[in-house]
Each structure stands twice: as C-alpha cells, then as structure tokens.
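K.L.:
show me the folded form of this:
(one chain, ligands or ions: 2)
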Amino acid sequence: MESKDMFGKVGSMVGSALFVWAIFQHYFPQCLADFIGRYYRKLVNFFNPYIEITFNEFTGQRGMRSEAYKDIQNYLGYNSTRQASRLKGSLVKNGRSLVLGIDDYEEVVDVFEGVQVWWISGKQNTNRRAISIYPVRGQSDDKRYYTLLFHKRHWDLISGPYLNYVLKEGKALKDRNRQKKIYTNQEGDWHWVGFEHPATFQTMALEPEKKKEIMEDLIAFSENQEYYRRIGRAWKRGYLLYGPPGTGKSTMIAAIANLLNYDVYDLELTGVENNTDLKMLLMEISSKAVIVIEDIDCSLDLTGQRKKAETDEDSDEEEDEKGKKEGKEKGSKTSKVTLSGLLNFIDGLWSACGGERVIVFTTNHVEKLDQALIRKGRMDKHIELSYCSYEAFKVLAKNYLNVDSHPRFSKISELLGEVNMTPADVAEHLTIKTIMKDAGIRLEGLISALERRKEARLAAIEDKREKKLAARGAKSSRKRNDRLRKYLNDQ
Ligand SMILES: Nc1ncnc2c1ncn2[C@@H]1O[C@H](COP(=O)(O)OP(=O)(O)OP(=O)(O)O)[C@@H](O)[C@H]1O
Ligand SMILES: [Mg+2]
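P.N.:
Ligands and ions are numbered 1, 2, ... in the order given. The predicted structure is shown next:
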C-alpha cells in the first residue's frame, strides 16, 4: 500500500541525495562534478523505486509556453485544488469566471484506476549566474514545472493512459473556460467582440423531440472528427434554418454556439467584394466556428437562377455569368460574389484544413432559394422553425414565468391550435411589464391577444367569402344579361 508517508520518505531520500550532489557541484571542478554526479544519480536511482517525470512551463530555445504544462495546470487546478493548502486564482472569460490553480511547492495526490500518483509544483530560478542586458520574457527568471511521481511498476499505465487522460481533460477544461467571440466582416477583415448571448437549447421554445434530434446531431458532429477523416469529407455540417420572422432562427444560432462552445462568424455577403475576398475571409476562420449567413435570400442575387436554368437549360457557369451581369446592370449590389463562389465556400474546398465548422443559412423564404445552394450534402439539415405550438409555449412559460402548469394553460393550448402566433410574440406577452408581475395576469394578456387574432382571422375569412360570393353574383348576373342580349339579338 502506497502512502503519503512512503512518498515523504522517498522524497526526503531523493532530496538529501540531490543536496549532496549540489555540494559536489559547488566544490569540485565542473567536469569532475558531472562525472561524480552521473554515477551518484545512477546509484540513487538504483535504490529508488519511484519514477519522476518533469513538465516544464517553457520549452525550446524560443521559450514557448508548453501546451502540456498548460493542460496539466488546468487539470490539477480543477481536480486537486481541495487538497492544496495554497492556491492561485485567475480570472477568465472577460473577468466573469474565477479559475483556481495550485501554488508553487504544493503537492497533490491523484488516483487513476486504483493507482496513486503524486504531482508536485515547483519553480527554478534559471538566471542566477547570468546577467542579461536584454529584457527577459515575463520579467521573471522563474521557470515553473510540475513533477509527476509514481512507482516504477505502474510505468505502462501512468506514462500512457493516465497522461493521455490528464492532457485531454486539461484541454477540455480550457475549452470550457474559453471566452467565445462573435466576428463580423468589415472591409475585408474580421472584427470581434465577446459573445455572451444567453440562449441555450434548454431555453428554446421548440418541440422536445425536434430539440433532442438537433442537439444529438450537433454533438455527434463535434465528436466525430475521425469519422469525417475516414470517409474523406471536410469536418463541417450545414444547417438551413427557415421560417417566418420571430420564430427563433437567430436564437438557435446562439444556442448552437453555446452548446458546442464555438465562436460565431457572422458573414455579411453584401460586404464581400468578390469570390477572392470571400476565400481570404474564409481562410482566416479558425476551427470550432459557427459560420452564419443570415437572410441568404436577401444577401445576394443568388435566387431565381434556377428558373432561368429550367427554361434555358444553361450550364452552371453560364448561369453564374448571367447572374453577375444582371447584378452589374442593376447596379444595386456592390458584391460580385457568385453562386459558384458560395458553393465552393460551402463545399469546404478552402476550409478543409481548419475543420470543425458548422455553416448556418437562415431565410424567411426557403422557396426562393436555388436548389443547388440547399441540396443535401451542402446544407445537411433543413430545420423549419414555425409558429408557437403548445409544447413550445410551455418552455416559454417556464422561462418567463417559472411555471410548469396553470389553469389557463388549457385555453392557451386550444387557441394556439387555432391561430398562428410566433414565439417572439408569445414571449412579448409573457415579459414583465412594469406592474404586471403576476403570471395569471400575463397569461390572461396572452389569451386576449390570441382571441383578438382569432377574431381577426375569422373576420378575414368571412370577408373573403363575401367577396367571393359577390364576385360569383356579379358573374352570374353578367351571364344572365349576356343570355338576354343574345335572345333579343336573335329576335
Ligand atoms: N423558438 C424560440 N424560443 C425562444 N425564444 C424565441 C424563439 N423564437 C423567438 N424567440 C424570441 O423572440 C426574439 C426574436 O427571435 P429571433 O431573432 O431568433 O427570430 P428570427 O427567426 O431570427 O427572426 P428574423 O427572421 O426576423 O430574423 C428572440 O429574442 C427570442 O427572445
Ligand atoms: Mg434572425
């Protein structure tokens, strides 16, 4: 049974050995000290059943910060802070989140598959003998490191699976604490601000099965890099979100970014001069990104070309040329991005190197879009976001009123089955407005709005019917008059 006492003994043994070696180094010439040191270490190692692996903070000549060190720091900071008596705190996510780490010279124990290991944090002052006139990175000569100590007999487990596990967990923690960004393109460059949209799939008003299906699809995508590599496809997935205004298309984009912890690149196509600029912008997009083109039907003159193709049976290239010419003639659009440029962009010809991208198009008029743009394989998933169903209303009631049920729910369910109201409108009625804090009052407000809409709809139907009848009446009287005229002529 390994214990901390045992570790303490071994530690002090190794410590004394190193102390003796340091004395040698000080009093003997360098070459003799090195010689004795080498054999002395061998002797100590012969009796020492423990192995030490050291991970330095900086690596290489250029003093780059080691990725492994950072991952270990994250891992220990999250998993071992309760054991350490001295901690260091730092702020992440734009100062909104505090992350703890173990301080220098702390020692923590970790257990992996029943095997105990020890981590020790330390620092070394490397510049004691040298004097430099150049500014030194970080203004400090302290080089921090972590030492992992474990028994020799666990070498296979600790040097392989355990270390892989620590580095993977550390990376995942770093991603979780990362500040997300939203980028927009202006004059050929990306500009960003922190992305802090609160929307999540939990707060989205959507039928539960639909929500589950979309979430599972996204998670499967983000976890299957190996699969995409095997089948030879760029690691990307296209989503087309369509539906009337106020049904949650933009909200879903935020929910996707929050679910996958990706940055958002909001691509304004009318601000891109031509296909070359589009390519340049695309090459700057990092991996783990949601690339968004909102209102794709309004973005460019990319619609209506299919109809021309149907009549002219022109090739794709000719079609694009026509589109370009028309765009120029109209003079209304400055962008010369073409349909084929955009298709290449979606197909990932230039983006294959980055990977892990979700491309989202939104539109209010799916019927206007060119089929080439939205065929499967380009836009893998077509999601219709529609008027508020009762299931979706229940999510909004939970979000806005914090109620799961209410006597007025049945009336609302009945009315939502009869009239169309977008989730945005429903949400507006449930929002706190000054004194109307009571859930019942707000639900009553929603019922009145739905009833008004139902009456308006019935009135519109009645109006239409009357117009139809009037038109039919006029038509039959015209026919009667025609018949009469014909009869009189015949006489
Ligand atoms: N399905 C939904 N779930 C939760 N909130 C929603 C939903 N749909 C709309 N909302 C609310 O309505 C507001 C407007 O929604 P959103 O901007 O996502 O609509 P949209 O479909 O993108 O509309 P547009 O077509 O005009 O861009 C949001 O701020 C959100 O609060
Ligand atoms: Mg929108």
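K.L.:
span of stretch 57-74 from start to end?
P.N.:
Start to finish, the residues bounding stretch 57-74 are 13 Å apart (C-alpha to C-alpha, to the nearest Å).
K.L.:
does H406 touch A397 like I think?
P.N.:
Yes - taking contacts as C-beta atoms under 8 Å, H406 lies within contact range of A397: 7.2 Å. The way it works is simple: take the backbone N, C-alpha and C, and place the C-beta from them, glycine included.
K.L.:
around ligand 1, pick out the residues from the stretch 151-300 of the chain.
P.N.:
M204, A205, L206, P245, G246, T247, G248, K249, S250, T251 (C-beta under 6 Å from any ligand atom).
K.L.:
so which of those residues comes closest to ligand 2?
P.N.:
Checking those against ligand 2 with C-beta to the ion, the nearest one is S250 at 3.3 Å.
K.L.:
hang on, isn't that closest one packed against E294?
P.N.:
Yes - using C-beta under 8 Å, S250 makes contact with E294 at a distance of 6.9 Å.
K.L.:
who touches both of the two?
P.N.:
T362 (C-beta atoms under 8 Å, 6 or more residues apart in numbering).
K.L.:
mind checking which of the residues of the stretch 151-300 of the chain next to ligand 1 are buried?
P.N.:
M204, A205, L206, G246, T247, G248, K249, S250, T251 (16 or more other C-beta atoms under 10 Å).
K.L.:
is H429 in a helix, a strand, or coil?
P.N.:
helix (DSSP: H, G, I helix; E, B strand; the rest coil).
K.L.:
for R144, what are phi and psi?
P.N.:
phi -90, psi 160 (degrees, to the nearest 10).
K.L.:
should've said L149
P.N.:
phi -120, psi 130.
K.L.:
thought V117 was touching it, still the case?
P.N.:
Yes - the pair L149 / V117 is scored as a contact, 6.7 Å apart, by C-beta under 8 Å.
K.L.:
that older thread, which of the buried ones among the residues of the stretch 151-300 of the chain next to ligand 1 fall in helices?
P.N.:
K249, S250, T251 (DSSP state H).
K.L.:
in a markdown table, list those along with pLDDT and distance to K171.
P.N.:
Shown next, in a markdown table, are these (pLDDT from 0 to 100; distance: C-beta to C-beta, whole Å):
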| residue | pLDDT | distance to K171 |
| --- | --- | --- |
| K249 | 97 | 32 |
| S250 | 97 | 30 |
| T251 | 97 | 29 |
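K.L.:
tell me, which of these make contact with ligand 2?
P.N.:
K249, S250 (C-beta under 5 Å from the ion).
K.L.:
now distance to E216 too, for the ones in helices among the buried ones among the residues of the stretch 151-300 of the chain next to ligand 1, in JSON lines please.
P.N.:
Formatted as JSON lines, those follow (distance: C-beta to C-beta, whole Å):
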{"residue": "K249", "distance to E216": "20"}
{"residue": "S250", "distance to E216": "22"}
{"residue": "T251", "distance to E216": "19"}
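K.L.:
closest one of the ones in helices among the buried ones among the residues of the stretch 151-300 of the chain next to ligand 1 to D370?
P.N.:
Taking C-beta to C-beta as the measure, D370 lies nearest K249 of those, at 19.1 Å.
K.L.:
wait, the closest one sits on T362?
P.N.:
Yes - the criterion here is C-beta under 8 Å, and K249 meets it with T362 at 4.2 Å.
K.L.:
overlap in contacts of these two?
P.N.:
L241, Y242, E294.
K.L.:
and the last one, how many neighbours?
P.N.:
The criterion is other C-beta atoms under 10 Å. On that basis, E294 has 18 neighbouring residues.
K.L.:
now the phi/psi pair for it, please.
P.N.:
The phi/psi pair for E294 (degrees, to the nearest 10) is phi -80, psi 150.
K.L.:
ok, the second one next?
P.N.:
Backbone torsions of Y242, given as degrees, to the nearest 10, read phi -130, psi 150.
K.L.:
hey, what's it bridged with?
P.N.:
Beta-bridge partners of Y242, counted by DSSP bridges, are T363, E384.
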